[in-house]
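K.L.:
okay, sequence plus prediction incoming.
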Amino acid sequence: MGTLRGHVGAVYRVTWGPDSRMLISASEDSTLKLWSLKTYKMIKELPGHRGSVFAADWAPNGATVASGGADKLLKLWRK
């Protein structure tokens, strides 16, 4: 059991990676963060939205993440 710290705003979405080794979180602070569930540390921050990020999900193969935010944009990220 552990705590993942790093966002500076409310967290709106948390999604398990396809292999259950990682999480992605979407936040009011305009970022997505990739987290290791082995170390409970952030692997990568994905900036790019102008405003809150409300939605995030993995592609079934785990290679891509999609996100949607208050800026009315849908973004695709390669891991």
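P.N.:
Yep, it's here.

K.L.:
could you use CA atoms for every contact and neighbour count after this?
P.N.:
Will do.

K.L.:
burial count for the spatially closest residue to residue 47 that is not a sequence neighbour?
P.N.:
Excluding the flanking residues, the one nearest residue 47 by CA to CA, 6 or more residues apart in numbering is residue 31, at 4.8 Å. Neighbourhood size, residue 31 [other CA atoms under 10 Å]: 24.

K.L.:
pretty sure residue 31 sits against residue 49.
P.N.:
Yes. When contacts are counted by CA atoms under 8 Å, residue 31 is listed as touching residue 49 (6.8 Å).

K.L.:
I'd say residue 22 and residue 41 touch.
P.N.:
No. At 9.9 Å, residue 22 does not count as touching residue 41 under the criterion of CA under 8 Å.

K.L.:
who's more crowded, these two?
P.N.:
Comparing residue 22 with residue 41 by other CA under 10 Å, the one with more neighbours is residue 22, at 20 against 16.

K.L.:
separation between that one and residue 49?
P.N.:
Using CA to CA, to the nearest Å, residue 22 is found at 21 Å from residue 49.

K.L.:
equivalent analysis for residue 25, please.
P.N.:
Taking CA to CA, one finds residue 25 at 14 Å from residue 49.

K.L.:
sec struct for residue 43, please.
P.N.:
strand (DSSP: H, G, I helix; E, B strand; the rest coil).
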